[in-house]
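Colleague: quick check, what structure comes out for this input:
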Amino acid sequence: MSGRSRYSGDPAKAARLHAARVAAGFATAREAAQKFGWSEPRYRSNESAARAISPVAARKYAQAFGTSPEWLLEGRSPEWMLQGRD
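Modeller: Below is the predicted model of the structure:
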C-alpha cells in the first residue's frame with residue numbers, strides 16, 4: 001500500500017457541509033441533491049470527505065444552504081456577516 005488515503009477531502013469541511021445541510025432543513029443528502037439538481041454521488045462524496053469541495057462547489061452549496069463559502073471552506077464568517085456585531 002502506498003500510504004495515501006483514499007479520501008481527498010477535508011473532514012472538517014465535510015462536517016461543516018453536513019451541518020449546513022441539516023441547518024437548512026434537509027434530513028438527507030439525497031433530499032438536498034434532488035432539490036437543487038446536483039449529482040447525488042458527487043454531493044455525498046463532498047459531504048463524506050471522499051472528494052475535496054472545490055471553490056465552485058462551495059459557492060453553490062453555500063447559496064443553497066444560506067451560508068457562506070468562506071465558512072464551508074475555512075470555518076470563518078465573511079466580513080459582511082460580522083458587520084454590526086460588537
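Colleague: quick check: buried residues in stretch 58-66?
Modeller: Buried residues in stretch 58-66, counted by 16 or more other C-beta atoms under 10 Å: 58, 60-62, 64-65. Using the backbone N, CA and C atoms, a C-beta is placed for each residue, glycine as well.
Colleague: just give me the neighbour total for the nearest residue to I53 once chain neighbours are set aside.
Modeller: Counting by C-beta to C-beta, 6 or more residues apart in numbering, I53 lies nearest to N46, which is 4.9 Å off, once chain neighbours are set aside. By the measure other C-beta atoms under 10 Å, the count of residues near N46 is 25.
Colleague: what of L17?
Modeller: 28.
Colleague: again, but for P41
Modeller: Count around P41 with other C-beta under 10 Å applied: 12.
Colleague: next helix or strand past the lengthiest helix in the chain?
Modeller: Longest helix in the chain by number of residues (criterion: DSSP state H): helix 11-23. Next helix or strand after helix 11-23 toward the C-terminus (DSSP states H and E): helix 29-36.
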